[in-house]
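J.: coords below, sequence missing:
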Ligand code: GLP
């Protein structure tokens, strides 16, 4: 078993998106009922653009696929333009042949966050688990909304967002960090770990410090992504800028 996660370094963010989209398309061809775990953020935008292109030209087929998004804000309805659900509709789901009944999302307006977390865990289990989970990474090393802290939650749970995370999500709320919900629901580290394969994607020099720690640093709850070093099937996909400290 490798001592460090596999790292791929591509020339730029477009090349990363093309490589990852091709990997998703291949996985869908090998298993049309693939269960995908999907992230939001600026990083996967190019990936979704490329997947839409591959879906339109018939290279990627989503008809029998199932998706589970990693996280969602608490306190706003799915229809809110700032919700991650709206983000996914805008950038992927509205443009590919996915069956809406196979799109799974955490409900940020559920009255009982704990019950909602349990419902999501059961839904993932019922779908047979996540085959391929794509992750971004926050500049503070968060994955999903698992923020750096003294302890990490194993399963889907409620989180209080750090100020820097609210700032980096402000674009979805008219640029105002105070308008970003203070809490969210997120898959836990155990949920992430249970995925059969994981690809973490990071692009741009802003991500270079956390990528360096993720690949070469100690495993610590202060950098939740560092736990991926222990996953048996993980690939870290980077552009040159994000890899500049390796
Ligand atoms: C949000 C999401 C994360 C994502 C992170 C990075 O906080 N909850 O899943 O990885 O943003 O975002 P970006 O790709 O915009 O840097």
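T.: On my side now, so go ahead. Please read all numbers here as calculations on a predicted model, not as lab measurements.
J.: buried sites along the lowest-mean-pLDDT helix or strand in the chain?
T.: Of all regular secondary-structure elements in the chain, judged by mean pLDDT, DSSP states H and E, the least confident is helix 163-168 with a mean of 93. By neighbour count with 16 or more other Cβ atoms under 10 Å, helix 163-168 contains the buried residues 165-168. All C-beta spots, glycine's among them, are computed from the backbone N, C-alpha and C.
J.: Make a markdown table out of the residues you listed and add distance to residue 241.
T.: Rendered in a markdown table, the data for the buried residues of helix 163-168 read as follows (distance: Cβ to Cβ, whole Å):
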| residue | distance to residue 241 |
| --- | --- |
| 165 | 21 |
| 166 | 24 |
| 167 | 21 |
| 168 | 17 |
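J.: hmm, back to that, the least confident helix or strand of the chain close to the ligand?
T.: Yes. Applying Cβ under 6 Å from any ligand atom, one finds that helix 163-168 is in contact with the ligand at 165, 168.
J.: which residues make contact with that helix from outside it?
T.: Under the contact criterion Cβ atoms under 8 Å, 6 or more residues apart in numbering, helix 163-168 has outside partners 41, 138-140, 142, 145, 147, 177-178, 180, 182.
J.: again, 6 Å this time
T.: If you take Cβ atoms under 6 Å, 6 or more residues apart in numbering as the criterion, helix 163-168 is touched by 138, 140, 177, 180.
J.: Nearest to the ligand among these?
T.: Ranking those by separation from the ligand, with Cβ to the nearest ligand atom as the measure, puts residue 138 on top at 4.5 Å.
J.: Pull the number of nearby residues for that closest one.
T.: A total of 24 residues lie near residue 138 under the criterion other Cβ atoms under 10 Å.
J.: List the contacts of it.
T.: Counting by Cβ under 6 Å, 6+ apart, residue 138 touches residue 165.
J.: Remind me which helix or strand it belongs to.
T.: Assigning secondary structure by DSSP states H and E places residue 138 outside every helix and strand.
J.: and it, what are its phi and psi?
T.: phi -80, psi 160 (degrees, to the nearest 10).
J.: now swap in the one 4 residues further on and tell me
T.: Main-chain torsions, residue 142, degrees, to the nearest 10: phi -70, psi 150.
J.: burial count for it?
T.: Other residues lying near residue 142 total 25 when counted by other Cβ under 10 Å.
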